[in-house]
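> Sequence below, structure please.
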Amino acid sequence: MAITVRFSSAFQDLTHGKKTFLVDGDRLSKVLDDLEGQVPGLKTNLLNGEGKIHLAYHVILIRGHTQELCQDLDCRIEDGDELVIAPIISGG
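Alright, predicted model coming up:
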């Protein structure tokens with residue numbers, strides 16, 4: 001099972017400039033566990049104290065021509081899916 005995970009440039013310090021990773025997993029929690037091995041400290045930054053995705057980030061699931069937010073760690077991931085992890089931009 002191959003899942004592509006892409007990061008915005010906001011994560012370049014954590015990913016050492018690498019923007020694309022290949023991981024395995026059928027749930028977002030498993031994908032993040034696999035990704036943590038390649039990007040140590042990711043889960044500390046991405047998850048809040050309750051183990052949920054921090055409100056400052058979006059995890060976008062791209063499957064074929066559709067996109068949706070993965071808002072919990074039980075989000076189902078399929079072979080060939082792509083995830084984009086990006087900070088929420090706000091301000092005025």
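> Helices of the protein, residue ranges please.
12-15, 28-38, 42-46 (DSSP state H).
> in the shortest one, what's buried?
Across helix 12-15, burial judged by 16 or more other Cβ atoms under 10 Å covers Leu14, Thr15. Heads up, the C-betas are built off the backbone N, CA and C, glycines and all.
> Roughly how far does the nearest residue to Glu78 once chain neighbours are set aside sit from Thr15?
For Glu78, ignoring the flanking residues on the chain, the nearest one in space by Cβ to Cβ, 6 or more residues apart in numbering is Arg63 at 6.6 Å. Arg63 sits 23 Å away from Thr15, going by Cβ to Cβ, to the nearest Å.
> got the contact list for the residue nearest to Glu78?
Glu78, Gly80, Asp81, Glu82 (Cβ atoms under 8 Å, 6 or more residues apart in numbering).
> Which strand residues bridge it?
Counting by DSSP bridges, Arg63 forms beta bridges with Thr66.
> Can I get the helix or strand of the chain with the lowest mean pLDDT in PDB? Just the C-alpha atoms.
Least confident helix or strand of the chain, by mean pLDDT, DSSP states H and E, is helix 12-15 with a mean of 88. The C-alpha atoms that make up helix 12-15 are tabulated as PDB, following Å, rounded to 0.1, in the frame of the first residue of the first chain:
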ATOM      1  CA  GLN A  12      10.500  22.600   5.800                       C
ATOM      2  CA  ASP A  13      12.400  22.900   9.100                       C
ATOM      3  CA  LEU A  14      10.800  19.700  10.400                       C
ATOM      4  CA  THR A  15      11.200  17.800   7.100                       C
END
